[in-house]
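S.K.: With the sequence up front, the predicted model follows.
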Amino acid sequence: MIKEALQYLVGMGKAEIHEENGQSYSDKKLHLLEKPTASPFTVHTLSGLVDYLKANVDKQDKLVVHVVSPTEVRVESPLNTDSERSYFIRAEAIIPEFRFDSWYDTEEFNIKLQSGFVKNDDRDVMLKVVGNIEENQVKQIKDDGVSQAVVARHGVANVGNVEVPNPVLLAPYRTFAEVVQPESDFVFRMKDGPRCAIFEADGGVWKNEAIANIRKHLEASLKEQVNRKFITIIA
(Lines give C-alpha, C1' and ligand atoms only; values in the text may rest on other atoms or scores of the structure.)
Protein backbone atom coordinates (compact mmCIF):
# COMPACT_ATOMS: atom_id res chain seq x y z
CA MET A 1 0.00 0.00 0.00
CA ILE A 2 2.83 2.41 0.86
CA LYS A 3 4.60 1.61 -2.41
CA GLU A 4 1.43 2.22 -4.42
CA ALA A 5 0.79 5.51 -2.62
CA LEU A 6 4.36 6.69 -3.36
CA GLN A 7 3.99 5.73 -7.04
CA TYR A 8 0.72 7.70 -7.19
CA LEU A 9 2.37 10.80 -5.69
CA VAL A 10 5.28 10.53 -8.12
CA GLY A 11 2.80 10.27 -10.98
CA MET A 12 1.24 13.58 -9.91
CA GLY A 13 4.50 15.41 -10.60
CA LYS A 14 5.43 17.59 -13.55
CA ALA A 15 4.39 16.26 -16.93
CA GLU A 16 7.16 15.09 -19.23
CA ILE A 17 7.03 15.90 -22.93
CA HIS A 18 8.29 13.37 -25.46
CA GLU A 19 8.86 13.79 -29.21
CA GLU A 20 7.89 10.98 -31.54
CA ASN A 21 7.55 11.07 -35.33
CA GLY A 22 7.57 14.87 -35.33
CA GLN A 23 4.76 15.13 -32.76
CA SER A 24 4.80 16.06 -29.06
CA TYR A 25 3.33 13.76 -26.42
CA SER A 26 2.79 14.17 -22.68
CA ASP A 27 2.91 11.36 -20.12
CA LYS A 28 0.00 13.06 -18.27
CA LYS A 29 -3.30 14.56 -19.33
CA LEU A 30 -3.09 18.33 -19.61
CA HIS A 31 -5.98 20.73 -19.02
CA LEU A 32 -6.18 24.08 -20.78
CA LEU A 33 -6.39 27.13 -18.52
CA GLU A 34 -9.03 29.01 -20.48
CA LYS A 35 -9.25 32.77 -20.58
CA PRO A 36 -12.39 34.11 -18.87
CA THR A 37 -15.32 35.11 -21.07
CA ALA A 38 -18.28 37.38 -20.33
CA SER A 39 -21.79 36.02 -19.74
CA PRO A 40 -24.76 37.87 -21.28
CA PHE A 41 -27.70 39.79 -19.92
CA THR A 42 -31.02 40.02 -21.74
CA VAL A 43 -33.13 42.87 -23.11
CA HIS A 44 -36.42 42.55 -24.95
CA THR A 45 -36.23 45.27 -27.58
CA LEU A 46 -33.90 46.20 -30.42
CA SER A 47 -33.84 49.70 -28.96
CA GLY A 48 -32.23 48.38 -25.79
CA LEU A 49 -29.62 46.54 -27.84
CA VAL A 50 -28.88 49.66 -29.90
CA ASP A 51 -28.52 51.79 -26.76
CA TYR A 52 -26.02 49.31 -25.34
CA LEU A 53 -23.93 49.31 -28.51
CA LYS A 54 -23.92 53.10 -28.85
CA ALA A 55 -22.84 53.54 -25.24
CA ASN A 56 -20.05 50.91 -25.57
CA VAL A 57 -20.55 50.09 -21.93
CA ASP A 58 -17.96 47.30 -21.88
CA LYS A 59 -15.29 49.34 -23.73
CA GLN A 60 -14.79 46.92 -26.61
CA ASP A 61 -12.81 47.70 -29.76
CA LYS A 62 -14.86 45.44 -32.03
CA LEU A 63 -18.13 43.55 -31.70
CA VAL A 64 -20.14 41.07 -33.76
CA VAL A 65 -23.94 41.46 -33.88
CA HIS A 66 -25.50 38.12 -34.83
CA VAL A 67 -29.16 38.01 -35.89
CA VAL A 68 -29.81 34.45 -34.78
CA SER A 69 -33.53 34.26 -35.57
CA PRO A 70 -36.63 36.46 -35.89
CA THR A 71 -36.80 36.61 -32.10
CA GLU A 72 -33.13 36.67 -31.01
CA VAL A 73 -30.09 38.89 -31.60
CA ARG A 74 -26.72 38.38 -29.89
CA VAL A 75 -23.72 40.65 -29.38
CA GLU A 76 -20.40 38.84 -29.11
CA SER A 77 -16.68 39.57 -29.27
CA PRO A 78 -14.28 38.26 -31.94
CA LEU A 79 -12.53 34.98 -31.12
CA ASN A 80 -9.87 35.10 -28.41
CA THR A 81 -6.68 33.01 -28.42
CA ASP A 82 -8.68 30.00 -27.14
CA SER A 83 -11.11 30.32 -30.08
CA GLU A 84 -13.87 31.37 -27.67
CA ARG A 85 -16.10 34.47 -27.65
CA SER A 86 -17.41 36.73 -24.92
CA TYR A 87 -21.18 36.97 -25.10
CA PHE A 88 -22.25 40.39 -23.83
CA ILE A 89 -25.97 40.90 -24.45
CA ARG A 90 -28.92 39.28 -26.19
CA ALA A 91 -32.22 40.76 -27.35
CA GLU A 92 -35.18 38.41 -27.11
CA ALA A 93 -38.49 39.51 -28.64
CA ILE A 94 -41.68 39.24 -26.60
CA ILE A 95 -44.46 38.14 -28.95
CA PRO A 96 -48.10 37.22 -28.35
CA GLU A 97 -48.92 33.55 -28.10
CA PHE A 98 -50.78 31.95 -30.98
CA ARG A 99 -50.97 28.23 -31.65
CA PHE A 100 -50.82 27.69 -35.38
CA ASP A 101 -52.24 24.34 -36.58
CA SER A 102 -54.52 24.26 -33.52
CA TRP A 103 -58.29 24.70 -33.28
CA TYR A 104 -59.84 27.61 -31.35
CA ASP A 105 -63.45 28.31 -30.50
CA THR A 106 -64.78 31.34 -32.36
CA GLU A 107 -64.65 33.81 -29.46
CA GLU A 108 -61.02 33.07 -28.58
CA PHE A 109 -60.06 33.01 -32.27
CA ASN A 110 -61.66 36.44 -32.77
CA ILE A 111 -59.69 37.87 -29.85
CA LYS A 112 -56.44 36.30 -31.06
CA LEU A 113 -56.90 37.76 -34.55
CA GLN A 114 -57.36 41.26 -33.17
CA SER A 115 -54.58 41.14 -30.58
CA GLY A 116 -51.92 39.08 -32.33
CA PHE A 117 -52.10 40.09 -35.99
CA VAL A 118 -51.41 43.31 -37.87
CA LYS A 119 -54.59 44.83 -39.35
CA ASN A 120 -54.95 44.12 -43.09
CA ASP A 121 -57.71 43.24 -45.58
CA ASP A 122 -57.64 39.47 -45.10
CA ARG A 123 -57.69 39.75 -41.33
CA ASP A 124 -60.77 42.01 -41.53
CA VAL A 125 -62.58 39.54 -43.82
CA MET A 126 -61.82 36.69 -41.41
CA LEU A 127 -63.16 38.75 -38.50
CA LYS A 128 -66.36 39.36 -40.46
CA VAL A 129 -66.82 35.62 -41.04
CA VAL A 130 -65.87 34.46 -37.56
CA GLY A 131 -67.80 37.25 -35.84
CA ASN A 132 -71.09 36.15 -37.43
CA ILE A 133 -70.94 32.43 -36.75
CA GLU A 134 -73.85 30.96 -34.76
CA GLU A 135 -73.24 28.31 -32.13
CA ASN A 136 -74.33 25.35 -34.23
CA GLN A 137 -72.92 22.51 -36.27
CA VAL A 138 -70.98 23.42 -39.41
CA LYS A 139 -72.79 22.30 -42.56
CA GLN A 140 -70.68 22.81 -45.68
CA ILE A 141 -72.07 23.40 -49.13
CA LYS A 142 -68.63 23.49 -50.76
CA ASP A 143 -65.21 22.25 -49.72
CA ASP A 144 -62.77 21.48 -52.51
CA GLY A 145 -59.80 21.25 -50.15
CA VAL A 146 -58.85 24.84 -50.87
CA SER A 147 -61.91 26.97 -50.17
CA GLN A 148 -64.96 26.46 -47.95
CA ALA A 149 -68.50 27.81 -48.08
CA VAL A 150 -71.13 27.34 -45.38
CA VAL A 151 -74.90 27.76 -45.07
CA ALA A 152 -77.10 28.96 -42.23
CA ARG A 153 -79.34 25.90 -42.01
CA HIS A 154 -78.37 23.93 -38.90
CA GLY A 155 -74.86 25.25 -39.26
CA VAL A 156 -72.81 28.34 -39.58
CA ALA A 157 -74.67 31.56 -40.31
CA ASN A 158 -72.58 34.27 -41.90
CA VAL A 159 -74.26 37.59 -42.59
CA GLY A 160 -74.23 38.45 -46.27
CA ASN A 161 -73.28 34.86 -47.15
CA VAL A 162 -69.55 35.62 -46.86
CA GLU A 163 -67.45 32.76 -48.22
CA VAL A 164 -64.71 31.47 -45.96
CA PRO A 165 -61.53 33.06 -47.41
CA ASN A 166 -58.64 30.83 -48.31
CA PRO A 167 -55.70 31.16 -48.59
CA VAL A 168 -55.29 34.29 -46.47
CA LEU A 169 -52.39 36.73 -46.33
CA LEU A 170 -51.70 37.63 -42.69
CA ALA A 171 -48.99 39.32 -40.66
CA PRO A 172 -48.83 37.83 -37.14
CA TYR A 173 -46.61 39.50 -34.57
CA ARG A 174 -43.67 37.09 -34.82
CA THR A 175 -40.61 39.32 -34.50
CA PHE A 176 -39.45 42.52 -32.77
CA ALA A 177 -42.02 45.32 -32.63
CA GLU A 178 -39.54 47.84 -34.10
CA VAL A 179 -39.49 46.13 -37.52
CA VAL A 180 -42.15 45.36 -40.13
CA GLN A 181 -43.99 42.12 -39.44
CA PRO A 182 -43.68 39.87 -42.53
CA GLU A 183 -46.87 38.85 -44.30
CA SER A 184 -47.26 35.22 -45.35
CA ASP A 185 -49.90 32.81 -46.64
CA PHE A 186 -52.05 30.73 -44.31
CA VAL A 187 -54.72 28.10 -44.83
CA PHE A 188 -57.89 29.09 -42.91
CA ARG A 189 -60.28 26.24 -41.98
CA MET A 190 -63.47 25.83 -39.96
CA LYS A 191 -65.20 22.76 -38.57
CA ASP A 192 -68.01 21.65 -36.25
CA GLY A 193 -68.20 23.36 -32.93
CA PRO A 194 -67.80 25.79 -34.54
CA ARG A 195 -64.02 25.97 -34.39
CA CYS A 196 -61.38 27.76 -36.45
CA ALA A 197 -57.70 27.25 -37.23
CA ILE A 198 -55.02 28.65 -39.48
CA PHE A 199 -52.10 26.67 -40.85
CA GLU A 200 -48.79 28.11 -42.05
CA ALA A 201 -48.38 27.72 -45.81
CA ASP A 202 -45.19 29.55 -46.82
CA GLY A 203 -42.58 26.97 -45.83
CA GLY A 204 -40.98 29.32 -43.27
CA VAL A 205 -39.96 31.95 -45.86
CA TRP A 206 -41.21 34.66 -43.48
CA LYS A 207 -38.28 33.91 -41.15
CA ASN A 208 -35.73 35.01 -43.76
CA GLU A 209 -37.72 38.19 -44.38
CA ALA A 210 -37.92 38.94 -40.65
CA ILE A 211 -34.16 38.42 -40.21
CA ALA A 212 -33.50 40.74 -43.17
CA ASN A 213 -35.80 43.37 -41.64
CA ILE A 214 -33.93 43.18 -38.33
CA ARG A 215 -30.59 43.58 -40.10
CA LYS A 216 -31.81 46.63 -42.03
CA HIS A 217 -33.11 48.21 -38.82
CA LEU A 218 -29.82 47.65 -37.00
CA GLU A 219 -27.73 48.92 -39.94
CA ALA A 220 -29.80 52.11 -40.04
CA SER A 221 -29.74 52.58 -36.26
CA LEU A 222 -25.99 51.85 -35.97
CA LYS A 223 -24.80 53.42 -39.21
CA GLU A 224 -21.90 55.30 -37.58
CA GLN A 225 -20.66 52.25 -35.66
CA VAL A 226 -20.87 50.05 -38.76
CA ASN A 227 -18.99 52.60 -40.89
CA ARG A 228 -16.21 52.78 -38.26
CA LYS A 229 -15.92 48.97 -38.36
CA PHE A 230 -16.68 48.90 -34.66
CA ILE A 231 -19.65 46.62 -35.36
CA THR A 232 -20.10 43.79 -37.85
CA ILE A 233 -23.70 42.68 -38.38
CA ILE A 234 -24.25 39.08 -39.45
CA ALA A 235 -27.67 37.73 -40.42
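M.R.: Cool, got the structure. Numbers count the residues shown, from 1 in each chain.

S.K.: is the residue nearest to Ile89 when sequence neighbours are not counted in a bridge, and if so with what?
M.R.: Excluding its sequence neighbours, the residue lying closest to Ile89 (Cβ to Cβ, 6 or more residues apart in numbering) is Val75, at 4.8 Å. For every residue, glycine as well, the C-beta is placed using N, CA and C. For Val75, the beta-bridge partners under DSSP bridges are Val65, Ile89.

S.K.: Strands of this structure, residue ranges please.
M.R.: Assigned by DSSP state E, the chain shows strands spanning 17-20, 23-26, 41-43, 63-69, 72-76, 87-92, 104-105, 140-143, 148-150, 168-170, 184-191, 195-200, 231-234.

S.K.: ok, for the residue nearest the centre of the chain, nearest residue in space, not its chain neighbours?
M.R.: Nearest to the mean C-alpha position of the chain, counting by Cα atoms, centre = their mean, stands Thr71 at 3.4 Å. Spatial nearest neighbour of Thr71, chain neighbours left out: Ala93 (4.2 Å); criterion: Cβ to Cβ, 6+ apart.

S.K.: Look through this structure and tell me its longest helix.
M.R.: Identified as the longest helix of the chain according to DSSP state H is helix 205-221.

S.K.: Let me know whether the residue nearest to the centre of the chain touches Tyr173 as I believe.
M.R.: No: when contacts are counted by Cβ atoms under 8 Å, Thr71 is not listed as touching Tyr173 (10.6 Å).

S.K.: Residue ranges in this protein under the pLDDT threshold?
M.R.: 1-14, 30, 134-163 (pLDDT under 70).

S.K.: let's see 80
M.R.: In the predicted model of the chain, residues 1-38, 81-82, 131-165, 192-193 satisfy pLDDT under 80.

S.K.: Domain ranges for it, per the record?
M.R.: With domains defined by automatic domain parsing, the chain comprises 41-95+209-234, 104-203.

S.K.: I'd like the ones you listed laid out as CSV, including distance to Ala15.
M.R.: Formatted as CSV, the domains of the chain follow (distance: least, Cβ to Cβ, whole Å):
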stretch, distance to Ala15
domain 41-95+209-234, 20
domain 104-203, 51
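
S.K.: Tell me which of those sits nearest to Glu16.
M.R.: With respect to Glu16, and counting by Cβ to Cβ, the nearest of the domains of the chain is domain 41-95+209-234 at 24.5 Å.
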